[in-house]
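>>> quick one: sequence and predicted model below, then my questions.
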Amino acid sequence: MPQPIARPDTRLINEVYLQLRTAIVNGELGPDTRLLQQQLAASLGVSRTPLREALLRLERDGFLYSLPNRGMFVRGLTLHDIAELYQLREVLEPVAARLACESAEAVDIARIKAIQRDHEQRYPQSVDGAFHGNFDLHTSLIRSCPNGRMAQHLRDIWDQNSAFMIFRYYTRSVGATRAMVGEHRAIVEAFAAGDGVQVETLLRTHIRRASDTLRERLLHPDQQEREA
């Protein structure tokens, strides 16, 4: 009779995955760093089986890349990543938010205002928590969009882990994050007022500014931002 297939402990794989993802996002494992499985397994105190599973998951999620006969390497943040993500967002997200605003009901507005209040009270906080607050706000702004395909495509964009990496890089700038919270507040106020045209305008400007800030930080990584 066939025997049950032994599977590695999912919880252990998740723990290894999260530790490595944090190390990548925090810069402890820099771009193009080669990951040596034997050394990693020893440092994490795990066998190579759950480590290998975690590494494959990180590769699928866009944190690593493989080279034939050389192994796995940390994938860095590039201008191409930012350009692709923000071009899509700038085209789709402002329109989706305007359509959502025009069809939103009282419960939709109340939810968005509550998310914004929580976002302001908790910010700044851990990068992971801040990202999810930002994620909740942006996805809630398009939640009532009547164009389901457009809304789903935007949710897919936000679900990409490259979005988390980009956000983490963005939050290194204190001035940029302070501006982001203020821009969010203005967008939510326009949404609550039912001004879809203003929501579209403000959101497009918000996305474009974020893209420009990230581009400058990548082009000039050693340049310190002056506080306003």
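In hand now; what should we look at?
>>> buried residues in the helix or strand containing residue 184?
Applying DSSP states H and E as the criterion places residue 184 in helix 174-192. By 16 or more other C-beta atoms under 10 Å, the buried positions in helix 174-192 come out as 176, 177, 179, 180, 181, 183, 184, 187, 188, 190, 191, 192. In short, each C-beta sits where N, CA and C put it, glycine included.
>>> how about the helices of the chain, start to end?
10-25, 37-44, 48-60, 79-103, 106-122, 127-141, 148-159, 161-170, 174-192, 196-219 (DSSP state H).
>>> where among those helices is average confidence lowest?
Lowest mean pLDDT within these: helix 161-170, at a mean of 66.
>>> contacting residues for residue 138?
Residues near residue 138 by C-beta atoms under 8 Å, 6 or more residues apart in numbering: 93, 158.
>>> ok, now how distant is it from residue 93?
To residue 93, residue 138 is 7 Å away according to C-beta to C-beta, to the nearest Å.
>>> now swap in residue 67 and tell me
From residue 67 over to residue 93 the distance is 35 Å, taken as C-beta to C-beta.
>>> so for these two, which sits in the more crowded spot?
Neighbour count, other C-beta atoms under 10 Å: between residue 67 and residue 93, residue 93 has more, with 27 against 9.
>>> ok, now which ones touch that one?
Applying C-beta under 8 Å, 6+ apart, we find residue 93 in contact with 138, 141, 142, 154, 203, 207.
>>> show me the contacts for residue 204.
Residue 204 neighbours (C-beta under 8 Å, 6+ apart): 90, 94.
>>> hmm, I typed the wrong one, I wanted residue 190.
101, 198, 199, 202.
>>> next one: residue 73
32, 33, 34, 35, 64, 65, 66, 67.
>>> residue 33 now?
Residues near residue 33 by C-beta under 8 Å, 6+ apart: 73, 74.
>>> one more time with 6 Å, if that's ok
Residues in contact with residue 33 (C-beta atoms under 6 Å, 6 or more residues apart in numbering) are residue 74.
>>> check the gap between it and residue 214 for me.
Taken as C-beta to C-beta, the span from residue 33 to residue 214 is 22 Å.
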